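1. Return a 3D structure for these sequence lines:
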Amino acid sequence: MSTLQLAYLKDMLKHQPYLYLDQITEYMFYKFNIKWSHTCVYTAITVKLNLSLQQITMRALQASELERFVYLNALSSFDDPAMFVFVDETMVGKNESRRTRNWAPVGEGAPIGWEIFQADEYDQEIYSMLAAADINGFLGPGVCQPVWRAAGKDDRNVLRGTINGADFETWLEKTLIPTLGLVALNQPRSVVVMDNASVHNHGRIEAMINKAGATVVWNAAYSPDLNPIERCFHQYKSELKRSRLTHPDAIDRHMAALYSVKRENMINYYGGKALNGAIRNLPRAKKEMSVQKWLVQKGAGLALLGGGLLK
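-> Model prediction:
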């Protein structure tokens, strides 16, 4: 492509970055009456223009820039990144444990996978999880516990068995608070960061945390991109797919996914573009041992996954 054609291509993608490759090729044809192949156009985009197809980070229009600024400013008021512990919950469905692409011969059609289309309280592919993460990753199976359950005695649809305010308060009191440090002494995990969801935003919740000697920083409304634990959840769910064959059991798969989030990942998440340097004094990320090696060395931790995990 000529310099003029590349300039047109660059300007088009600047103003319409959502275009598909076939649409880009068509627009180039209409403009210059030259029919480039998809490969040629793709090469021009990635090599000549140094662009790549990247995941969009969605932001809510309701988000307040002032609230986001106040939140980031609150994070920056703490000197030690080890003081933070980020809290949230996530829903894991079958798609999070299902790899939807397989290698197969070209031209033979899509591969077929078989499973039972059923969801009840015994289905360990679907669960909710309350979780907390600090600079070292998820706090472990004793804190990040999957909860398999139906919404009611006669309701076999676990998709309606979500975590409510009472569940969160019990988890906070019995599970998270014993792991918190004292903010007055700048101890690790002494600053609890969470959003203002209805199950979190209660004066009683903040009072419980303050009584334990820690403090709360509330994330800005409609701003999940400012909570690093959301990136942890994304990594957790990706690992569930990767470990499906090596860990057929749901609990083993949960463990492998939980410990896939390491200290080096957290340091990168803390220093990411979204937080804009709000978490200060980050250490350098160091490569750590593999999940498999950790499980061998810490196999005793599996004992924590006894009867207390299922409700």
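
2. now the strands: where do they sit in the stretch 1-150 of the chain?
-> Using DSSP state E, counting those that start in this stretch, the strands of the stretch 1-150 of the chain run over residues 84-92, 127-134, 137-138, 145-147.

3. I'd like those as TSV, with mean neighbour count and distance to Arg204 appended.
-> Using the backbone N, CA and C atoms, a C-beta is placed for each residue, glycine as well. Output for the strands of the stretch 1-150 of the chain, formatted as TSV (neighbours: other C-beta atoms under 10 Å; distance: least, C-beta to C-beta, whole Å):
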stretch	mean neighbour count	distance to Arg204
strand 84-92	22	15
strand 127-134	23	17
strand 137-138	22	26
strand 145-147	20	21
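
4. per-stretch mean pLDDT over these, give me the minimum one.
-> Among these, strand 145-147 has the lowest mean pLDDT, at a mean of 81.

5. any chance of the strands of the stretch 1-150 of the chain in CSV, with distance to Pro224 too?
-> Shown next, in CSV, are the strands of the stretch 1-150 of the chain (distance: least, C-beta to C-beta, whole Å):
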stretch, distance to Pro224
strand 84-92, 8
strand 127-134, 14
strand 137-138, 17
strand 145-147, 21
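
6. Run through the helices of the protein in chain order.
-> 3-15, 21-32, 38-43, 65-76, 165-171, 203-211, 229-242, 250-258, 263-270, 291-297 (DSSP state H).

7. surely Asn281 meets Asp79?
-> Yes - assessed by C-beta atoms under 8 Å, Asn281 is found in contact with Asp79 at 5.9 Å.

8. could you measure the closest residue to Tyr42 other than its chain neighbours against Leu4, distance?
-> Distances taken as C-beta to C-beta, 6 or more residues apart in numbering place Leu21 nearest to Tyr42, at 6.2 Å, with adjacent residues excluded. Counting by C-beta to C-beta, to the nearest Å, the gap from Leu21 to Leu4 is 21 Å.

9. Show me which of those two is the more surrounded one.
-> Leu21 (13 against 10; other C-beta atoms under 10 Å).

10. Minimum distance to His234: which of the strands of the stretch 1-150 of the chain has it?
-> strand 84-92 (9.5 Å; C-beta to C-beta).

11. That closest one pairs with which strands, and in what direction?
-> In the sheet, strand 84-92 lines up against strand 127-134 (antiparallel), strand 191-194 (parallel) (DSSP bridges).

12. Tell me where the stretch 101-250 of the chain is predicted with low confidence.
-> 101-104, 109-125, 148-161 (pLDDT under 70).
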